[in-house]
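Visitor: show me the folded form of this:
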Amino acid sequence: MAAALVALLVAAAAVTGAEAQCPAPSALRTANGTRICAQLYTDNSPYYDQCCAGEVLVVDPGDDVPYMPRGWGNSISSLVVGTRCELTVWSRAGKRGKSRRFGAGAVPRLQEVRLGLFGDWNNAISSYYCKCN
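Guide: Numbering: from 1, shown residues only. Okay, here's the model as predicted:
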């Protein structure tokens, strides 16, 4: 019985740890209170309260990244842009290809944001620039 209870608690902890909810744009701050321009996430879900999960790439104000860090190219599925900030993304490295601007707010599922006639922005971000006022 004790082993079953332990297994149940471990399973519950695993499920709880897997859930995520996109933070509010105003909550994008470091531990010392410094503003974060945006946060990019590798995972989303069909359930909105479980989006903004997986690995997190923190984007500081003024970050101009024509080439994504190793392992991040074409892997962004959710994002949150901080208050009074704007994130511009491109579909190709070197800030080429199609571009899109995201204002303050959460985009829990980039697959719902159109990229041209047949595509979407899920796993399509290859470069970015973020600025805040």
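
Visitor: what count of nearby residues applies to residue 110?
Guide: 24 (other CB atoms under 10 Å). In this view, the C-beta of every residue, glycine as well, is placed from N, C-alpha and C.

Visitor: phi, psi for it please.
Guide: phi -70, psi -20 (degrees, to the nearest 10).

Visitor: my guess is it contacts residue 102. True?
Guide: No - the criterion here is CB atoms under 8 Å, and residue 110 misses it with residue 102 at 9.6 Å.

Visitor: list residues touching both of the two?
Guide: Here residue 110 and residue 102 share the contacting residues residue 79, scored by CB atoms under 8 Å, 6 or more residues apart in numbering.

Visitor: and residue 115, what are its bridge partners?
Guide: According to DSSP bridges, the residues that bridge with residue 115 are residue 119.

Visitor: spatially nearest residue to residue 43, not counting backbone neighbours?
Guide: Nearest non-adjacent residue to residue 43, counting by CB to CB, 6 or more residues apart in numbering: residue 54, 3.2 Å away.

Visitor: what's around that neighbour, how many residues?
Guide: Neighbourhood size, residue 54 [other CB under 10 Å]: 17.

Visitor: that one reaches residue 77, doesn't it?
Guide: Yes - contact criterion CB under 8 Å: residue 54 and residue 77 qualify, at 7.4 Å.
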